[in-house]
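Peer 1: Generate a structure from the sequence data that follows.
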Amino acid sequence: MEQKDNIIQSKNLSQNIDFYKIFKVFMSRWYWILGCVIIALILAKIKILYTPAQYQAYASIKIQESNPILSTPSQSSQVASYTDKILAEGYVIRSNDVVLDAIKNLDYRISYHLKGRIRTTELYPSIPFQVDILNQDTLNFSRERYQVSYIDQDKFGLRPTGDPDAKYKFYRYGQPITLGNTTFRITTPVPQNGDYSFNFNSKEDFLGRITSGLNTSEAARFTNVMSISMFDQNYNFAADALNAVIQSYIKYDILQKQKSAKQTVDFINTQLAFITDQVDSSSANLTNYKAQNNILDVGTTANQLMVKLTDAENRKNLLEIELLGITQLESQIQSARNKIEINLNLEGSITPSQSALIAEYNRLAANRDFRLQELNASAPAIKEIDAQMNQIREALQKSIDALKTRNLKTAELTNNQITTLESEIRQLPIKEQKFVRLNSNFQVNNRVQEYLKEKKLEAEMNAAATVPGAAVVNKAMPNNYNIGVNERSIYTYALMAGLAAGIGLILLVRFLNPYIYDKETVEALTRTPIIGVIRKFPEFIDKNNRQALSLSKPKSVFAESVRSVRTNLSFLASHKKSKTICITSEISGEGKSFVTINLAGTLALIEKRVILIAADLRKSKLHKAFGSDNRIGLSTYLSGQNTLEEILHHDDVHNIDFLPSGPVPPNPSELLHTEKMKELLEYLTPLYDYVLVDTAPVGLVSDAIPLIRQSDINLFVIRSGKSQYRAAAIPERLSREYGLSNLAIVLNAFGDDALHSNYYTTDYSKGGGNSTYYYSDYSGYAGAGYYDNDPKRWWEFWKKK
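Peer 2: Presented below is the predicted three-dimensional model:
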């Protein structure tokens, strides 16, 4: 191929792309393309038949507040946008708790199947025959599928499908059967037609099936409507499972909110029990002190100090409650991957940015729990989520530290105020000092008690008024449109793939082809002139080359192509009356002997005196074409064993003289280099118009070199489909090495097959190049009705010959 590229770079011809030739290249193997398309369509059909059906059920829910009227503790942890809220709730919907609770509402314990020609189909929700479970080990029972066969109205056959060698066992309807730690019975007759089977399931068997097919998304941007879809091979199951999951999610949401409200109430009750004891104690102390000291009231100064001290102590207690909430929140942040719950004590203290961080943290925690159903904790996806949660935890810790610092500073300021008030109270009389302290303590405890009671009432009202956090907008309905197999798309892609494969096969064959097929390729590879193109022989050629078709069928396309070469020979060495023509090729089998025979025959037809010399002393077959033996010939003449008259043969039928090669000598190259061979050619030249010398291939041996140098015309035969690209460079190399100017190329066995033809057309009008002779390859003329035995076009099958 490198040789071809080098030769092409040195050519002077102008060649242009011929799109019609490109079209002919692909049309020459239209059946390849058609075959690839048919195979692709067959594979597409097989894919459609064997691809399980896939159906999708749709539903939508509206995410809403649990209590739009009353303020709830969870409001501060709500996500900042509907998109985040829907994304976070999507993980909840796909959680194990929700899905397992939904499976309880489905008829999941027994699955029925019907075997078809290609695949087995689940019959849910149909029940072709009734199977009752009498007893089952719910932790360890067999999931194996059992095949059922109708016997008669009283009996049926049963066998496991996992064992192909298992035989049917026969049972009566209603008879208890124990298999795989399950006792069951079949109470209704099995259908006579069809191959039915069934198996037992647990809730966990459906967990992966539902979670893998469940998808959630935002129905539209900036809306609180969630779109939920469910994929499954059974469209009824997809709709039922989706509706069950939605109902389970709504119930789960209510339970979680009620649980949160109950925890709040429990926390308040704990605080309230303690503070109630404090109120009772402080009230009793104050009452006793007033009775013992007969104090009804105090002075104005003492009263003012008592009010200030009460307010300061009340603020101190509220700050302590807030600090308790901050400490609990900090503990949650520093713990593992649990969801963060904001305590009631922090309501109003958490900033919007902190609320958004907590919402994002909870979303990641829910996502992590969902992903852990399929991955382990060391998986890259889980590690990435952990890294994001750690970043949020660090940001939250910084903000909590700031919140705690603010609380502590405020508490310190409040304590300073209390200390100042205490110093002022010490200036009062002793009785008034103790009264002020006891009364302040009672008032503080009483206010805290009232605050907690108010919060408890609010939490209880919120719990009682809790509504679902989601409402069904559209219920899922069975959708029997198969989205798993898009037949139009598959067939379209198959058609395109078939066309691409057919075209690619043609291009691959052309790319891997190392052979010359047409004259444009030869013209692109060499400057040596082409004297003619000989058409491919239309019939079988025997190994002796006895078919000289140019003589027997003179009106054939093949004969006309040979005559074209004969005509162009007259332009070579035209000043000589007698011409010595040497015919050679690169390797054996390229048709040089066949070309020699046919040229001799056409020259004899115009009454030219022709002698044909078989100068291939190694592997000549010309004597077989004339039906003569090869015991004596050129080799015996050159070695002095025979005279010229003894080896000369004359063919009366074709009027051709012939010198066979003779037996193979031990030194063929030396014999052809002798002076006697030169004298033989000089002797025969004036006796004949044309002396045709069939030589050995120059690409294999050097025997032909002395004959080429002595000849008037040298014809180099290139066979279409046989000669490789390197063959076209040999004539030019011979001309350069031996100073020859009488070399010409004959393209032999050219056919109408356009597969390997060059897609360029030579433009001779621009000069240069290698063609100074008119010749035709007769492409497109076969079948024109001008020649004998013209083949009919395929669309002319109806015409008579």
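Peer 1: packing partners for the longest helix seen in the chain?
Peer 2: If you go by DSSP state H, the chain has its longest helix at helix 235-293. Packed against helix 235-293 by the contact rule (3 or more C-beta pairs under 8 Å, 6 or more residues apart in numbering; DSSP states H and E) you find strand 55-63, helix 82-93, helix 96-103, helix 203-213, strand 225-232, helix 430-464, strand 470-474. No exception for glycine: its C-beta is placed from N, CA and C like everyone else's.
Peer 1: can you list contacts of the last one?
Peer 2: Residues outside strand 470-474 that contact it (C-beta atoms under 8 Å, 6 or more residues apart in numbering): 58-64, 89, 225-226, 246, 249-250, 253.
Peer 1: circling back: I'd like the helices and strands packed on helix 235-293 as CSV, with distance to residue 632, mean neighbour count and mean pLDDT appended.
Peer 2: As requested, the helices and strands packed on helix 235-293 are exported to CSV (distance: least, C-beta to C-beta, whole Å; neighbours: other C-beta atoms under 10 Å; pLDDT from 0 to 100):
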stretch, distance to residue 632, mean neighbour count, mean pLDDT
strand 55-63, 90, 20, 91
helix 82-93, 101, 20, 79
helix 96-103, 101, 20, 90
helix 203-213, 91, 16, 90
strand 225-232, 90, 21, 92
helix 430-464, 126, 18, 72
strand 470-474, 105, 15, 88
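Peer 1: Could you provide the ones you listed in a markdown table, with additional columns for distance to residue 747?
Peer 2: As requested, the helices and strands packed on helix 235-293 are arranged in a markdown table below (distance: least, C-beta to C-beta, whole Å):
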| stretch | distance to residue 747 |
| --- | --- |
| strand 55-63 | 64 |
| helix 82-93 | 74 |
| helix 96-103 | 77 |
| helix 203-213 | 66 |
| strand 225-232 | 64 |
| helix 430-464 | 99 |
| strand 470-474 | 76 |
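Peer 1: returning to that earlier point: tilt between the next helix or strand after the longest helix of the chain and helix 235-293?
Peer 2: Tracing the chain past helix 235-293, the next element assigned as helix or strand by DSSP states H and E is helix 300-334. Using axes from the mean of the first three to the mean of the last three C-alpha atoms, to 10 degrees, the inter-axis angle of helix 300-334 relative to helix 235-293 is 150 degrees.
Peer 1: Rounded mean pLDDT for helix 300-334, please.
Peer 2: Mean pLDDT, helix 300-334: 74.
Peer 1: what helices or strands is it leaning on?
Peer 2: helix 380-425, helix 430-464.
Peer 1: list the helices and strands the longest one packs on?
Peer 2: I take that to be helix 380-425. By 3+ C-beta pairs under 8 Å, 6+ apart, helix 380-425 packs against helix 300-334, helix 352-371, helix 430-464.
Peer 1: Off-centre distance for that helix?
Peer 2: Its chain's C-alpha centre and that of helix 380-425 lie 53 Å apart, by C-alpha atoms, centre = their mean, to the nearest Å.
Peer 1: returning to that earlier point: can I get the helices and strands packed on helix 300-334 in TSV with distance to residue 759?
Peer 2: TSV is the format used below for those (distance: least, C-beta to C-beta, whole Å):
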stretch	distance to residue 759
helix 380-425	52
helix 430-464	83
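Peer 1: quick one: which of these is nearest residue 182?
Peer 2: Residue 182 lies closest to helix 380-425 among those, at 37.3 Å (C-beta to C-beta).
Peer 1: Noted, bye for now.
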